[in-house]
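Novice: predicted model and sequence follow; I will ask about them next.
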Amino acid sequence: MGRLLTPDAYIKSIFSISPEGLKKEGIKGLILDIDNTLVPTYTRDADIKVKTFVENLKKNGIKAAIVSNAKQERVEQFCRHLDIDYFYKALKPFKKGYLKAVESMGLEPRDVAIAGDQLFTDILGGNLLGMKTLLIKPIDRNEPFPIKIKRFFEKPFLVGKNYRDKY
Ligand SMILES: [Mg+2]
């Protein structure tokens, strides 16, 4: 179980991931979580930073998709001005949502990385499929109660980890 909860990298911010860094690891596609990975949980729209980040990935030959456990309205509104495939109510850590996204990219799971802020959903799901897993430090501590509980159980797995400034 420990191995399945261990990401390939701990990263301070999603925005420190570069297309060059991904390519160096052989990664051809990046699956993104929304809440507390790209924006705080209660931010409804993608901002210019997110837009620029996604555009830069695609411009540099990295495929991108959103896979979120949030419901349809939240994900649709967030992706409204992003030109990106998205999958809502994905039920991460189950494989289905990730597999649909990988398929839409025309890639194999081993060529795709997932980036997310939660060990028991994002990272576990990615590791179950043999994908590269990038754990992003949560943007903000203001989260719904069920997630606060998960944070408590994540803690022992995260002590003493060094988060990278750049990937
Ligand atoms: Mg999240």
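Specialist: Structure's in. What do you need?
Novice: is stretch 65-76 anywhere near the ion?
Specialist: No: when contact is scored as Cβ under 5 Å from the ion, no part of stretch 65-76 falls within range of the ion; the minimum is 7.6 Å. All C-beta spots, glycine's among them, are computed from the backbone N, C-alpha and C.
Novice: residues making contact with that stretch?
Specialist: If you take Cβ atoms under 8 Å, 6 or more residues apart in numbering as the criterion, stretch 65-76 is touched by 29-35, 44, 78-79, 82, 84-92, 97-98, 100-101, 104-105, 114, 121.
Novice: how many residues are close by the closest residue to the ion within the chain?
Specialist: In the chain, the residue that lies nearest the ion is Asp35 (3.9 Å; Cβ to the ion). By other Cβ atoms under 10 Å, 25 other residues sit near Asp35.
Novice: ditto for Asp8
Specialist: Applying other Cβ under 10 Å, I find that Asp8 has 18 neighbouring residues.
Novice: isn't it up against Ala115?
Specialist: No: if you go by Cβ atoms under 8 Å, Asp8 and Ala115 don't touch, sitting 10.6 Å apart.
Novice: now the longest helix along the chain: how far from the chain's centre is it?
Specialist: Taking DSSP state H as the criterion, the chain has its longest helix at helix 145-158. Relative to its parent chain, helix 145-158 has a centroid offset of 17 Å by Cα atoms, centre = their mean, to the nearest Å.
Novice: now do stretch 2-12
Specialist: Using Cα atoms, centre = their mean, the offset of stretch 2-12 from its chain centre is 12 Å.
Novice: now that stretch: mean pLDDT?
Specialist: Averaged across stretch 2-12, the pLDDT comes to 95.
Novice: still on that earlier bit, OK, contacts around the closest residue to the residue of the chain closest to the ion other than its chain neighbours?
Specialist: Distances taken as Cβ to Cβ, 6 or more residues apart in numbering put Thr41 closest to Asp35, at 4.6 Å, once the chain neighbours are dropped. Thr41 sits next to Asp35, Asp140, Asn142, Glu143, Pro144, Ile147 when contact means Cβ under 8 Å, 6+ apart.
Novice: wait, which of those is closest to Gly2?
Specialist: Ile147 (21.6 Å; Cβ to Cβ).
Novice: what's near enough to touch the closest one?
Specialist: Listed by Cβ under 8 Å, 6+ apart, the contact set of Ile147 reads Thr41, Gln118.
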